[in-house]
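A.B. asks: A predicted structure for the sequence below; I have some questions about it.
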Amino acid sequence: MTATPTPATVAADVSAGTDAPGIGRRRFMAGAAALAGATGLALPAFAQKAGQPEKESLKFGFIKLTDCAPLVVAYEKHFFEDEGLNVTLEAQANWKVLLDRVIDGQLDGAHMLAGQPLGATIGFGTKADIVTAFSMDLNGNAITVSNAVWAQMKPHLPMEGGKVKHPIKADALKKVVDKWKAEGKPFKMGMVFPVSTHNYELRYWLAAGGLNPGYYTASDISGTKSADVLLSVTPPPQMPSTMEAGTIHGYCVGEPWNQQAVFKGIGVPVVTDLEVWKNNPEKVFGVTKAWADKNPNTHIAVVKALIRACMWLDASMANRIEAVKLLAKPNYVGADEAVIGNSMTGTFEYEKGDKRPLPDFNVFFRHFATYPFYSDAIWYLTQMRRWGQITEGKPDSWYMDMARKVYRPDVYMAAAKALMAEGKAKDSDFPMKTDGFKGVQDGFIDGITYDGRKPNEYLNKLKIGLKAADKA
């Protein structure tokens, strides 16, 4: 924690022109407190807040993807500073490095895949108690195939108005995969991490089209047992170049790396995750349980800043355009503004020149996007079970227990109520009466409905994948 400056050091900072990003206002506030104590002056109202952060200097990690936007906006628009936080943002090499650095304390928290806190808590891969009180966005991913694969898929697709009819189902890809299999050629696709939303969305899309994406087993965690399509891990920014090199023939990733394939002329995004599962939760903000227990006020302050960032992102197109400019900076996503803007501003380009309106491709606050719903956590747990990452059947109560262990709506609501008390939000912005479940959900590409209260019943409805009582 930064030492409280004396009136003399405040004066020295001012005369020296100290105004480093993320530091200036923190020092001013600490200095104001010091001056008030020395002179008996009253502090301004915004400085008189209960529940001051236990830890003020924080380092958060992120991956270079469009959906790191809430962290970037909270930093650049000074929402973290408003909460008395001095935050540093640091890009990470990949999802494993990011998770490991949160666990060992090098990072206070991070932009995480929705499945990462759950996977760590149940012990798939790395074992650690990770919690989340904040969902960063809905949707934002797509599945892209190489030009060569697209040329083989396209003749099998229905047309509408001179263009390919969407959504594109994996039935057309199955014809390609079957042909390759007959020729003895393996079909390979990339995803970003074994417990990533991308892995589960890609598997869901493939299975809905009759393709088995393979199983994880206790003795083989490659996830390729009985696979028609071989899936492997590739870091998001490397997806286009890996496909261009022919190492993989397609991939599922977040933006801007699908639109990058279009701009480079090397591939075609065939379906978005919005079309695979409408308004699916994508990233979360994760911290260790130990950190959350030690820093409850800090946790609430961070969530307050992130909520404000997501509200800002969904408030206007002008804000989205400004966010694109921020994200394009090399220390954030570092892609061309045109590539980032292709999806962030309400459109999405599939085949080159086939740009369509898709206003919900990136949702940051609408549809209660930021609330950590238990039903979202349970869906990801069902997919871990479906593909063998959870090797044995579990009762419905187990899914609920895991969701409650990882998701922290209590922290979220504390932050939301504080923002309402400050006049920065209103009760209609939040699901004030929710029990943590969205109810029965449709909007899946295979037409199957999902009820988070009945995970085993849901698993038994899915044609490809382990059923509730199966063993991996």
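C.D. replies: Right, received. Where do you want to start?
A.B. asks: Only C-alpha atoms from now on, for both contacts and neighbour counts.
C.D. replies: Fine.
A.B. asks: longest single helix anywhere in the protein?
C.D. replies: Counting residues, the longest helix found in the chain (DSSP state H) is helix 296-313.
A.B. asks: Show me what that helix is packed up against.
C.D. replies: In terms of contacts (3 or more Cα pairs under 8 Å, 6 or more residues apart in numbering; DSSP states H and E), helix 296-313 is packed against helix 69-76, helix 79-82, helix 317-327, helix 409-421.
A.B. asks: Give me the number of neighbouring residues for the residue lying closest to residue 334 once chain neighbours are set aside.
C.D. replies: Distances taken as Cα to Cα, 6 or more residues apart in numbering place residue 328 nearest to residue 334, at 4.7 Å, with adjacent residues excluded. Number of residues near residue 328 (other Cα atoms under 10 Å) recorded here: 20.
A.B. asks: Residue numbering should commence at 46 henceforth.
C.D. replies: That works, and once the first residue is 46, the last one we named lands at residue 373.
A.B. asks: check contacts around residue 373.
C.D. replies: Residue 373 makes contact with 379-382, 385, according to Cα atoms under 8 Å, 6 or more residues apart in numbering.
A.B. asks: One more: residue 487?
C.D. replies: Shown in contact with residue 487 (Cα under 8 Å, 6+ apart): 322-323, 493-495.
A.B. asks: What separation do you get for it and residue 385?
C.D. replies: Here the distance between residue 487 and residue 385 works out to 29 Å (Cα to Cα, to the nearest Å).
A.B. asks: outside of stretch 287-300, which residues touch it?
C.D. replies: Outside of stretch 287-300, the residues within contact range by Cα under 8 Å, 6+ apart are 110-112, 185-191, 194, 232-237, 243-244, 246-247, 279, 281, 284, 311, 385, 388.
A.B. asks: Try it again at 6 Å.
C.D. replies: Applying Cα atoms under 6 Å, 6 or more residues apart in numbering, the contact partners of stretch 287-300 are 110-111, 185-191, 233-236, 243.
A.B. asks: so which of those comes closest to residue 337?
C.D. replies: Set against residue 337, the nearest of these by Cα to Cα is residue 110 (25.3 Å).
A.B. asks: Count the residues that sit near that closest one.
C.D. replies: Counted with other Cα under 10 Å, residue 110 comes out at 23.
A.B. asks: Give me the distance from stretch 426-433 to the chain's centre.
C.D. replies: 19 Å (Cα atoms, centre = their mean, to the nearest Å).
A.B. asks: ditto for stretch 193-205
C.D. replies: That offset, for stretch 193-205, works out to 30 Å (Cα atoms, centre = their mean).
A.B. asks: Start and end of it, how far apart?
C.D. replies: One end of stretch 193-205 sits 22 Å from the other (Cα to Cα).
A.B. asks: hang on, the earlier thing: generate CSV for the helices and strands packed on helix 341-358, with distance to residue 96 and mean pLDDT as supplementary columns.
C.D. replies: CSV is the format used below for the helices and strands packed on helix 341-358 (distance: least, Cα to Cα, whole Å; pLDDT from 0 to 100):
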stretch, distance to residue 96, mean pLDDT
helix 114-121, 20, 98
helix 124-127, 14, 98
helix 362-372, 31, 98
helix 454-466, 11, 98
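A.B. asks: Please produce CSV containing those helices, extended by distance to residue 405 and mean neighbour count.
C.D. replies: Shown next, in CSV, are the helices and strands packed on helix 341-358 (distance: least, Cα to Cα, whole Å; neighbours: other Cα atoms under 10 Å):
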stretch, distance to residue 405, mean neighbour count
helix 114-121, 15, 23
helix 124-127, 25, 22
helix 362-372, 13, 18
helix 454-466, 23, 19
